[in-house]
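*Asks:* this one's sequence-less:
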Ligand code: CA
């Protein structure tokens, strides 16, 4: 999952980047609204954390412009303590949630997780397909009631595919949402990880390869295969 952070307070921005990266997110950060707008238009993010008081382009205008540009990813605004109007204006501009400064990092992480999950259409942090389920809050996968040993990256790949069930996810989309650095898009790294993941969840043929297009996790296809 790729997160945009727009915060002009250097120390807070660094802290956000560190915590989000530690949690397994890929983070792109901007120190002003103009850079935030550029990144927000260029990159396919899964969510954004945007401070309202920003140089060059304030947070409200930034959110309005991103929404006008049809960027629909969930946005949490950071507001100054006691400024309740900021929360209202933020939501009106197109934000989905807010946090007043100073805030506790676990609260931000929990809200972000919930927003991403809800944006994907899931009401609960437990997502199940057949005998496999993931808990997006604990970042744990369970197969046939037993915890599944996955590396952090394997979990991220599985989580992304499961949050996007019934939709073909291309390799370049996975690369874009799960990798920090730009790297060779022709690389077969994603294939290797999906291969390892498949081995761990065998004989559940959960991840289908759609030739020339990408990967598909389908509930319908899976249950009919299990019935057969
Ligand atoms: Ca600020």
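*Replies:* That came through fine. Since the model is a prediction, treat every value here as computed from it, not as a measurement. Numbering: from 1, shown residues only.
*Asks:* When you work out contacts or count neighbours from here on, use the C-alpha atoms and nothing else.
*Replies:* OK.
*Asks:* Show me which residues of the chain are close to the ion?
*Replies:* 53, 54 (Cα under 5 Å from the ion).
*Asks:* Point me to the residue of the chain nearest the ion.
*Replies:* Closest to the ion within the chain is residue 53: 4.0 Å, counting by Cα to the ion.
*Asks:* Please list all residues in contact with the closest residue to that residue other than its chain neighbours.
*Replies:* Counting by Cα to Cα, 6 or more residues apart in numbering, residue 53 lies nearest to residue 59, which is 6.0 Å off, once chain neighbours are set aside. Residues near residue 59 by Cα atoms under 8 Å, 6 or more residues apart in numbering: 33, 50, 51, 52, 53.
*Asks:* now residue 122
*Replies:* Residues in contact with residue 122, defined by Cα under 8 Å, 6+ apart, are residue 163.
*Asks:* And the pLDDT for it?
*Replies:* Per-residue pLDDT puts residue 122 at 92.
*Asks:* Need the three-state assignment for it.
*Replies:* Classification of residue 122 using DSSP: H, G, I helix; E, B strand; the rest coil returns coil.
*Asks:* and it, how far is that from residue 165?
*Replies:* 11 Å (Cα to Cα, to the nearest Å).
*Asks:* just residue 199 next, same as before
*Replies:* 19 Å.
*Asks:* more neighbours, these two?
*Replies:* residue 165 (18 against 12; other Cα atoms under 10 Å).
*Asks:* which residues sit in contact with the closest residue to that one other than its chain neighbours?
*Replies:* Nearest non-adjacent residue to residue 165, counting by Cα to Cα, 6+ apart: residue 217, 5.0 Å away. Going by Cα under 8 Å, 6+ apart, residue 217 touches 161, 162, 164, 165, 166, 167, 168, 206, 207, 208.
*Asks:* Narrow the residues you listed to those in helices?
*Replies:* Those of the contacts of residue 217 mapping onto helices are 161, 162, per DSSP state H.
*Asks:* need the contacts of residue 217 in TSV with distance to residue 180 and pLDDT, can you?
*Replies:* What follows is those, written out as TSV (distance: Cα to Cα, whole Å; pLDDT from 0 to 100):
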residue	distance to residue 180	pLDDT
161	18	95
162	21	94
164	20	94
165	23	92
166	26	92
167	23	94
168	22	96
206	26	89
207	24	93
208	26	93
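*Asks:* Counting neighbours, which of the contacts of residue 217 end up buried?
*Replies:* Among the contacts of residue 217, those classed as buried by 16 or more other Cα atoms under 10 Å are 161, 162, 164, 165, 168, 206, 207.
*Asks:* ok, what's across the strand from the residue nearest to the fifth one when sequence neighbours are not counted?
*Replies:* The shortest distance from residue 168 to any residue that is not its chain neighbour, by Cα to Cα, 6+ apart, is 4.7 Å, and that residue is residue 216. For residue 216, the beta-bridge partners are residue 208 (DSSP bridges).
*Asks:* What is the burial count for residue 216?
*Replies:* With other Cα under 10 Å as criterion, residue 216 counts 21.
*Asks:* now do residue 144
*Replies:* 11.
*Asks:* coming back round to it: name the element the residue of the chain closest to the ion belongs to?
*Replies:* Under the criterion DSSP states H and E, no helix or strand holds residue 53.
*Asks:* so how far is residue 85 from it?
*Replies:* Per Cα to Cα, residue 53 is found 13 Å from residue 85.
*Asks:* Fine by me, thanks again.
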